[in-house]
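**Student:** Show me how the following folds:
(one chain, ligands or ions: 1)
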Amino acid sequence: MGFIDIHSHILPGVDDGSRSMEESLEMLRIAEAEGVSCMIATPHYKQGRYRADKKELLDRLKMLREEAQQEGIGIRLHLGTEIFYRAGLEEKLMRQELGTLNDTDFLLVEFSPFEEYLYIRNAMEELLGMGYCPVAAHVERYQCLVKDATRAAQLRDMGCRIQVNTGSITGENGLGARHFVWKLLKRELVDYLGTDAHNTKTRRPAMRRCAELLYKKCSREYAQELLFENAARELFQ
Ligand SMILES: [Fe+2]
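**Tutor:** Numbering: from 1, shown residues only. Take a look at the predicted model:
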């Protein structure tokens, strides 16, 4: 089974990720060479900046799927959203205006790097109360969690999932991020991986080096859970 990337900005022209169909196709070619077989496109939703209109995103997804097929690219593509949390988001969610990960109850949620832990915890509680399973996007960015890794465990105990970026595992995102994600990995507190790919150069859909490190430093079972099993079980039933 190939790797599953649950966090990417591969849809063209909808956020600060891919700027064109050609760039998206090139990103897909890179991902395929990296061993990825399935990607969830998770365009940003941020009030006042990125609106992530569901219908528009589905149209783009359809176009990208068709172009990729014509190019002989075998990656399966699905839709999600990376939702920047703010108070009042619930109304938009209740109207089902924002896409969950592959139409499941799982919601990829982002916060400001300097957000307070209490705010994050309350937000997650709110989303859980609405019946969603929130997935905390790239937790290595949140200083309140980096300061105290037990907080990531607390979020997980509440029923949230924890996502880290592959570039943080390999060290491409700096030593601090690497140190923290490995602390989480050693305690098996991570559930999902995402490339968080935005382009073909500085933020590529890289997965292979990360997979090698996981197989080397974690148990085979846990590496497989992270690389594809958890996502296959929870997001692609
Ligand atoms: Fe992202």
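**Student:** any chance you could map the helices in this structure?
**Tutor:** Using DSSP state H, the helices of the chain run over 21-33, 54-70, 89-94, 117-129, 143-147, 150-158, 166-170, 175-186, 208-217, 220-224, 230-235.
**Student:** Which of the ones you listed has the lowest mean pLDDT?
**Tutor:** Ranked by mean pLDDT, those end with helix 89-94 at the bottom, a mean of 89.
**Student:** buried stuff in that one?
**Tutor:** By 16 or more other Cβ atoms under 10 Å, the buried positions in helix 89-94 come out as 89, 93. To be clear about C-beta, it is placed using only N, CA and C from the backbone, and glycine gets the same treatment.
**Student:** Counting by contacts, list what it packs against.
**Tutor:** With contacts defined as 3 or more Cβ pairs under 8 Å, 6 or more residues apart in numbering; DSSP states H and E, helix 89-94 has no helix or strand neighbours.
**Student:** could you dump that helix to CSV, C-alpha only?
**Tutor:** Taking C-alpha atoms only, helix 89-94 is exported to CSV below (Å, rounded to 0.1, in the frame of the first residue of the first chain):
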residue,chain,number,x,y,z
LEU,A,89,-17.1,28.9,13.1
GLU,A,90,-19.7,26.6,14.4
GLU,A,91,-22.5,28.3,12.5
LYS,A,92,-20.7,27.7,9.2
LEU,A,93,-20.1,24.1,10.2
MET,A,94,-23.8,23.6,11.1
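**Student:** follow-up on the earlier one: please name whichever of the helices of the chain is nearest to the ion.
**Tutor:** helix 166-170 (11.4 Å; Cβ to the ion).
**Student:** Point out the other helices and strands that that closest one packs with.
**Tutor:** helix 175-186, strand 192-194, helix 208-217.
**Student:** Highest mean neighbour count out of the ones you listed?
**Tutor:** strand 192-194 (a mean of 27; mean count of other Cβ atoms under 10 Å).
**Student:** Name every strand pairing with that one and say which way it goes.
**Tutor:** strand 161-165 (parallel) (DSSP bridges).
**Student:** Count residues in the vicinity of the closest residue to residue 104 other than its chain neighbours, would you?
**Tutor:** The shortest distance from residue 104 to any non-neighbouring residue, by Cβ to Cβ, 6 or more residues apart in numbering, is to residue 235 (5.5 Å). By the criterion of other Cβ atoms under 10 Å, residue 235 has 24 neighbours.
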